[in-house]
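K.L.:
Just need the structure, nothing else, for what follows:
(one chain, ligands or ions: 2)
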Amino acid sequence: MAAIIELENLSKHYSSTIIGVDDVSLSVEDGEFVTLLGPSGCGKSTLLRMIGGFEAPTHGRIRLAERDVTWDPPYKRAVNMVFQDYALFPHMTVGENIAYGLKMMGMGRAEQRTAALEALTLVGLADRFDQRPNQLSGGQRQRVALARAIVRRPKVLLLDEPLSALDARLREQMQIELKHLHDKVGITFIMVTHDQTEALVMSDRVVVMEQGRIAQEGKPQDLYDHPVSPYVANFIGTTNFVPATVADATEAAATIETAAGSLQVLLDRPVAKGAEMTLGFRPEKTRALAEGEAAENALSGHVAEVIYYGLGVRVSVEIADGTRLYVDSLLADALARSTVPQVGTKMRVAVEPHNIFLFDGRVAP
Ligand code: ADP
Ligand code: MG
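P.N.:
Ligands and ions are numbered 1, 2, ... in the order given. Here you go, the predicted model:
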């Protein structure tokens with residue numbers, strides 16, 4: 001597939017000390033749904049605004065559909081942006097709001113109406129054509145803003161935290177709707193969010209940002225299973241981190257010593273005996289061992305806290321150096337295997353070697 005957007009060494013320095021975006025190169029394929037993910041202040045909005053033409057870069061180039069648009073104003077780019085606060089005109093009907101841009105382009109009234117109705121139908125609100133924004137719920141207003149953004153069929157739709165104003169339940173529903181809308185219209189979507197679940201649920205590809213740079217990019221599952229750094233492991237999903245030292249290593253595997261026992265890990269790079277490392281593993285990739293149950297790869301500690309959260313139970317296990325590890329099980333499984341423990345009791349936690357990430361150094365993310 002052809003790249004619709006190519007960012008080449010793109011930077012935005014607001015001043016000598018405030019760096020919004022720092023040397024980002026990224027290629028987005030036509031029709032892709034890409035999410036920029038990261039904590040507040042990491043440069044997501046700045047990057048999006050540069051693609052939209054609302055912010056000028058200090059270095060680098062932006063190519064859109066094989067044309068250099070680095071210095072083009074927003075209206076000369078085949079992109080459209082959906083803002084967080086929707087920015088609908090309150091005195092216009094839903095239909096007029098959507099048709100506004102078409103009217104400005106000089107399109108005839110009948111055509112405007114047809115196009116606006118078609119866009120509104122795509123977001124499931126055809127019956128609200130003649131209402132005003134204040135007669136709609138927050139979720140419906142968001143859909144109108146989306147319809148308005150796609151009515152001119154831009155090549156790329158930019159969405160800056162489009163769902164952040166909605167309450168949790170509605171947000172979940174809109175995540176799925178937005179994904180379906182993307183599939184229906186075939187426009188490239190670039191969305192900004194600080195919500196990892198949102199990024200994982202909606203995107204073909206996630207770009208994790210850290211202080212203006214790309215920390216890692218990839219398919220959601222790849223980022224989840226193979227984070228390149230503690231930062232990414234910590235930002236996507238929950239990760240247990242354990243300080244560790246290499247006790248012994250071959251080419252393919254190593255024995256790693258921790259305060260809670262030693263573990264076998266698989267290696268994708270050489271490590272030196274005695275090297276200080278940090279282990280990482282996901283709470284749901286662990287298994288609470290029943291008393292007396294044998295296991296190859298297990299850590300021991302005692303139960304510090306047991307938290308029930310509907311579907312599952314999370315046990316917080318404290319090991320000898322004070323590190324706390326989360327062990328997640330589905331509640332039904334835990335009850336069936338009677339591994340829901342009491343606070344203060346001893347507990348062993350098994351982790352398979354292939355589920356352990358190994359990071360260099362003693363890192364506290
Ligand atoms: P995010 O969207 O990830 O929260 P932003 O792109 O808004 O991050 O901001 C990245 C960095 O650039 C932050 O340090 C922010 O304070 C700074 N910044 C953003 N906009 C401006 C601006 N208009 N002037 C000066 N600094 C800015
Ligand atoms: Mg932002």
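
K.L.:
Pull up the residues of the protein that are close to ligand 1.
P.N.:
Taking CB under 6 Å from any ligand atom as the test, the list of the chain residues beside ligand 1 reads 14, 18, 20, 38, 40, 41, 42, 43, 44, 45, 46. No exception for glycine: its C-beta is placed from N, CA and C like everyone else's.

K.L.:
Going through those residues, which ones are buried?
P.N.:
Those of the residues of the chain next to ligand 1 that meet the buried threshold are 20, 38, 42, 43, 44, 45, 46, by 16 or more other CB atoms under 10 Å.

K.L.:
Name the nearest of the residues of the chain next to ligand 1 relative to residue 130.
P.N.:
residue 45 (34.3 Å; CB to CB).

K.L.:
Isn't that closest one up against residue 158?
P.N.:
No. Look at residue 45 against residue 158 with CB atoms under 8 Å: they stay out of range, at 10.0 Å.

K.L.:
Show me the contact partners of the longest helix anywhere in the chain.
P.N.:
Criterion DSSP state H: the longest helix present in the chain is helix 168-185. Helix 168-185 is contacted from outside by 33, 122-124, 138-139, 142-143, 146, 150, 153, 159, 162-164, 166, 189, 198, 201-202, using CB atoms under 8 Å, 6 or more residues apart in numbering.

K.L.:
Just the CA trace of that helix, in PDB.
P.N.:
Presented in PDB, the C-alpha positions along helix 168-185 are these (Å, rounded to 0.1, in the frame of the first residue of the first chain):
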ATOM      1  CA  ALA A 168     -16.900   6.100  30.500                       C
ATOM      2  CA  ARG A 169     -19.800   4.000  29.100                       C
ATOM      3  CA  LEU A 170     -20.500   6.300  26.100                       C
ATOM      4  CA  ARG A 171     -16.700   6.500  25.400                       C
ATOM      5  CA  GLU A 172     -16.600   2.700  25.100                       C
ATOM      6  CA  GLN A 173     -19.500   2.600  22.800                       C
ATOM      7  CA  MET A 174     -18.100   5.500  20.600                       C
ATOM      8  CA  GLN A 175     -14.700   3.700  20.400                       C
ATOM      9  CA  ILE A 176     -16.400   0.900  18.500                       C
ATOM     10  CA  GLU A 177     -18.600   3.200  16.500                       C
ATOM     11  CA  LEU A 178     -15.600   5.300  15.400                       C
ATOM     12  CA  LYS A 179     -13.700   2.200  14.400                       C
ATOM     13  CA  HIS A 180     -16.700   1.000  12.300                       C
ATOM     14  CA  LEU A 181     -17.000   4.500  10.800                       C
ATOM     15  CA  HIS A 182     -13.300   4.300   9.800                       C
ATOM     16  CA  ASP A 183     -13.900   0.900   8.100                       C
ATOM     17  CA  LYS A 184     -17.000   2.300   6.300                       C
ATOM     18  CA  VAL A 185     -15.500   5.500   4.900                       C
END
